[in-house]
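# attaching a predicted model along with its sequence, questions to come.
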Number of protein chains: 4
Amino acid sequence: MDDIEIDEVATPELDDPVLIEGLPGVGHVGKLAAEHLLEEFDGELVRRVYATEFPPQVSVDGEDGIAELTCAEFHAVETDGADLLVLTGDHQAGSNAGHYRLTSTFLDVAESFGATRAFALGGVPTGELVEEYTVLGAVSEAALADDLREADVEFRPDEPAGGIVGVSGLVLGLGGRRGLEAACLMGETSGYLVDPKSARAVLEVLEALLGFELGYDSLEDRAEEMEEVVGKIREMQDGPAVPDDDLRYIG
Amino acid sequence: MDDIEIDEVATPELDDPVLIEGLPGVGHVGKLAAEHLLEEFDGELVRRVYATEFPPQVSVDGEDGIAELTCAEFHAVETDGADLLVLTGDHQAGSNAGHYRLTSTFLDVAESFGATRAFALGGVPTGELVEEYTVLGAVSEAALADDLREADVEFRPDEPAGGIVGVSGLVLGLGGRRGLEAACLMGETSGYLVDPKSARAVLEVLEALLGFELGYDSLEDRAEEMEEVVGKIREMQDGPAVPDDDLRYIG
Amino acid sequence: MDDIEIDEVATPELDDPVLIEGLPGVGHVGKLAAEHLLEEFDGELVRRVYATEFPPQVSVDGEDGIAELTCAEFHAVETDGADLLVLTGDHQAGSNAGHYRLTSTFLDVAESFGATRAFALGGVPTGELVEEYTVLGAVSEAALADDLREADVEFRPDEPAGGIVGVSGLVLGLGGRRGLEAACLMGETSGYLVDPKSARAVLEVLEALLGFELGYDSLEDRAEEMEEVVGKIREMQDGPAVPDDDLRYIG
Amino acid sequence: MDDIEIDEVATPELDDPVLIEGLPGVGHVGKLAAEHLLEEFDGELVRRVYATEFPPQVSVDGEDGIAELTCAEFHAVETDGADLLVLTGDHQAGSNAGHYRLTSTFLDVAESFGATRAFALGGVPTGELVEEYTVLGAVSEAALADDLREADVEFRPDEPAGGIVGVSGLVLGLGGRRGLEAACLMGETSGYLVDPKSARAVLEVLEALLGFELGYDSLEDRAEEMEEVVGKIREMQDGPAVPDDDLRYIG
């Protein structure tokens, strides 16, 4: 096997597609958001990217236990607003150099479809339960900031303090060096839990920016499941449960 | 030394041989099973695979302290049912990329002998002492599942939860991408102990699938040794030993 | 992306420039010192070095959240004494081989500007609060030691005991093998705190050696901030604060 | 810098030299033994081997703080019995593949001097203070075992249990694959302390095998220093020191 192998599953014509990256990270915010896009819009699988930098692992799916080799996937998604190229997967790379190589490959794929813009989706940990889901932004060039501000994205000098790590960071860093207009949308999240509400906050920004509309029923369901989990954890710690209302924004 | 070196020890003609992989893993189930095959059938060593991905290590064997460089070995085994190509060894690779490279090499060797089918043997941890040794399955393509079910292999949606990691996983993942008919047979095992009973359960599935018969005396002896070990551990923890009967299926 | 990419931002004519390396390390002494040089002398950015050995990370800067890909930077600095080529950055490499590759690249850049001398700046940990900031030295060739002694650099046989690790060590080790006249200036520091006073001690040696003069107001400000931090830590541990005088040389 | 660089310092004619490897390991037995050979016989430095697999580090030596880049060194040593090529250094490699590459390079150097035999020196940990210093052996081919037995080397089936790891193991494993007659001499040692007495036991085997004679005054001095260290540790733990006699064979 080569270090990286790309399966070309389909190559539809896309109209100035926007790369949307949602690999695993803090609170699984980016991954939840990207997968929700695929669920709502019925995307078409276009590329699979295999890499020896990924864990040596297969997932086992379905009734017949079909083994699927770890990969990242690109789906083409048509919306009322813009065509999307959605990048999802279960893993990031296993080394510094691997992150650079993988992200370069992802950007090559996006370029091959004509993408000139990218959004890296993720979470930013606050260390405490979040009541109001602010979305922080970072951009590859200053000219992109104003549009994001209009969509309620906040810019806070030198935040996130530790920078942006992993594929999301490199979509901006390496993408910017190629002339890609790239932004990172980071939903605030506690950092301790999978956070569907933070994913929704990020997606609402995308709706405003790209002009499409999403339903959120399934994300709401997952948010309620998470609230139940949190409720049970509290119960175990504190004795009797607090009334449901107080937990509305926990997640 | 090259990154990978293959010693061609012998190249017998094999009739549509089946690759059987049994490298170290959970409960050493796969390794025990593969080694039991070699013990019962007197296989012929055909290839040694050395790799700089293996630990920099020699084992020291026999009266004269002969140093043997870490390697994986293929043995050709003829049975009444099918010819086998049995892959064993003491180590897996030391990095993500190393797992991919090694497994690719192993599949190259199997292909060079004409293998079109493969079974990766291993254990799946249950976290508790196992009473009945179910064998779980995963396959590279759906068409393989029914034969396995007839041999009492169980398929449980999305199990094992964490997927299959290491060479066993990649025999399915990379093998499947080459068109190899590959299945993983995973004996349930506590995950805490070397488990000859689980290895037997896996081998009994192989017997049914490939049409050969095995004796199990030596595996039974190892199982009894393990029971004694478990008995002693219990004694130390609980005071007086529980009666032997209750431990019959502990492994 | 290539393993290493060098952006040529500017290529001014420099007169026998001296390489000054100040990457992160013990007490951030080298980094503080190099950054202070840039602050006092208004250097010109001449090269950016990107490497897949650096963490896969962007920093987020300014009002508009501009993402900057992790890199090391060379600034050209003209002083009354000598022209400098100051190397700074936020990271060292992530592996043994990466350190060698990066340092080789740094030395290539320095050579391309005609540098024949180098100072690697750093800290040497003492394990206790430092009262008098001695600067220890190491050199790539014996002939360099006397000049350093005259500038109050101390040489202690076999110190630092563990040798010099990272880019600073290799500037001497690899630089020496190329015929570069290289010295390491190591300010004593506790090893527990960012240490602006140790950085000043190192810079004062450079002033004497290279014939320029620096102001130290901003470093003094940072030293005072650190003293406050130390004071607060002591307060928390010991009850009432010790009088300010006793803390003069701490931090 | 290349991954490996070899400085050819001198190339004296050697008569069927024997490679003696003594890099750091358990109890520093191999390193102490090899360095004692150099001390007693005044060897001539013939090769330095630099490698990006070594730590990125310089040692700082002497009055003038000369930085020496981490390397392994070969010294040519003429004795009454046999010519030796003694390999010493302060580090092993930092990765699996690095160990293989480095050892291959070391064997290339030894071959270039015409070496057909090798002894890898090391320690084998017993986990307790050693009273009688047995030397265990391992060989690349069975024919070598008898000569070692006559020199009081013991062979114990399947010991050391974990095999032989690192350069010493690979001198046998890779050396054997090249047809080198290689043996490992492992002095028993507690594993907790630097052990000059174990190094002496190993050297006495070499004397018998290769027909030279060594003085041991300096190793005895180091052994006494270690005994003092052990004495002090005991004192701290047990109260009053035990009489010196009881400690004669410790350490």
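Here it is on my side, so go on.

# and A:L19, what helix or strand is that in?
strand A:18-21 (DSSP states H and E).

# how about that strand, does it reach chain C?
No. Applying C-beta under 8 Å from any C-beta of the partner chain, one finds strand A:18-21 separated from chain C by no less than 13.2 Å. C-beta: built from backbone N, CA, C; applies to glycine.

# in terms of secondary structure, what does that strand contact?
Strand A:18-21 makes packing contacts with helix A:29-41, strand A:83-89, helix A:96-112, strand A:117-125, helix A:167-177 when contacts are defined by 3 or more C-beta pairs under 8 Å, 6 or more residues apart in numbering or on different chains; DSSP states H and E.

# any weak-confidence spans in chain A?
Low-confidence segments of chain A, defined by pLDDT under 70: A:239-251.

# what about the strands in chain A?
Using DSSP state E, the strands assigned to chain A run over residues A:4-8, A:18-21, A:44-51, A:57-61, A:66-69, A:72-78, A:83-89, A:117-125, A:135-139, A:153-154, A:164-165, A:181-189.

# could I get these as CSV with mean neighbour count?
Below are the strands of chain A laid out as CSV (neighbours: other C-beta atoms under 10 Å in any protein chain shown):
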stretch, mean neighbour count
strand A:4-8, 15
strand A:18-21, 28
strand A:44-51, 20
strand A:57-61, 22
strand A:66-69, 23
strand A:72-78, 23
strand A:83-89, 23
strand A:117-125, 27
strand A:135-139, 26
strand A:153-154, 19
strand A:164-165, 23
strand A:181-189, 27
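
# need those strands in a markdown table with distance to D:L210, can you?
Below are the strands of chain A laid out as a markdown table (distance: least, C-beta to C-beta, whole Å):
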| stretch | distance to D:L210 |
| --- | --- |
| strand A:4-8 | 52 |
| strand A:18-21 | 64 |
| strand A:44-51 | 52 |
| strand A:57-61 | 51 |
| strand A:66-69 | 55 |
| strand A:72-78 | 59 |
| strand A:83-89 | 60 |
| strand A:117-125 | 63 |
| strand A:135-139 | 67 |
| strand A:153-154 | 75 |
| strand A:164-165 | 56 |
| strand A:181-189 | 66 |
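
# C:E44: which of these is closest?
With C-beta to C-beta as the measure, strand A:135-139 is the member of the strands of chain A nearest C:E44 (25.9 Å).

# re earlier: kindly reformat the helices and strands packed on strand A:18-21 as a markdown table containing distance to chain C.
Below are the helices and strands packed on strand A:18-21 laid out as a markdown table (distance: least, C-beta to the nearest C-beta, whole Å):
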| stretch | distance to chain C |
| --- | --- |
| helix A:29-41 | 15 |
| strand A:83-89 | 15 |
| helix A:96-112 | 3 |
| strand A:117-125 | 9 |
| helix A:167-177 | 3 |
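
# ok, back up a step: using CSV, list the CA coordinates for the strand holding A:L19.
Extracted C-alpha coordinates of strand A:18-21, given in CSV (Å, rounded to 0.1, in the frame of the first residue of the first chain):
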residue,chain,number,x,y,z
VAL,A,18,-16.9,24.9,-0.4
LEU,A,19,-14.8,22.5,1.6
ILE,A,20,-16.3,21.7,5.0
GLU,A,21,-13.9,19.8,7.3
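
# how far does that strand sit from the chain's center?
9 Å (C-alpha atoms, centre = their mean, to the nearest Å).

# what's next to that strand, contact-wise?
Strand A:18-21 is contacted from outside by A:30, A:34, A:37, A:82-87, A:106-107, A:110, A:115, A:117-121, A:167-168, A:171, A:180, A:206, A:210, using C-beta atoms under 8 Å, 6 or more residues apart in numbering or on different chains.

# chain C contacts on the stretch 101-250 of chain A?
By the rule C-beta under 8 Å from any C-beta, the part of the stretch 101-250 of chain A lying against chain C is A:101, A:103-104, A:136-142, A:145, A:155-160, A:163-167, A:169-170, A:172-174, A:176-177, A:182, A:184.

# can you select the buried ones from these in PyMOL?
Typed into PyMOL, the next command selects the buried ones out of these (criterion: 16 or more other C-beta atoms under 10 Å in any protein chain shown):
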select buried, chain A and resi 101+103+104+136+137+138+139+140+141+145+155+159+160+163+164+165+166+167+169+170+172+173+174+176+177+182+184
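
# against D:E53, how distant is the nearest residue to A:S104 once chain neighbours are set aside?
Take A:S104 and drop its neighbours on the chain: the residue closest to it by C-beta to C-beta, 6 or more residues apart in numbering or on different chains is C:M1, 4.9 Å away. Look at C:M1 and D:E53: by C-beta to C-beta, to the nearest Å, they are 24 Å apart.

# kindly report the same for A:P160.
Distance, A:P160 to D:E53, by C-beta to C-beta: 35 Å.

# next, the angle helix A:29-41 makes with the longest helix along chain A.
Counting by DSSP state H, the longest helix found in chain A is helix A:217-238. Helix A:217-238 and helix A:29-41 meet at an angle of 140 degrees, taking axes from the mean of the first three to the mean of the last three C-alpha atoms, to 10 degrees as the criterion.

# what comes up buried for helix A:217-238?
A:219, A:222-223, A:226-227, A:230-231, A:234.

# can you redo these as a markdown table with distance to B:E73?
Output for these, formatted as a markdown table (distance: C-beta to C-beta, whole Å):
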| residue | distance to B:E73 |
| --- | --- |
| A:L219 | 52 |
| A:R222 | 48 |
| A:A223 | 53 |
| A:M226 | 49 |
| A:E227 | 54 |
| A:V230 | 52 |
| A:G231 | 55 |
| A:R234 | 55 |
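
# most widely separated two among those?
Using C-beta to C-beta, the buried residues of helix A:217-238 span at most 22.3 Å, a distance reached by A:L219 and A:R234.
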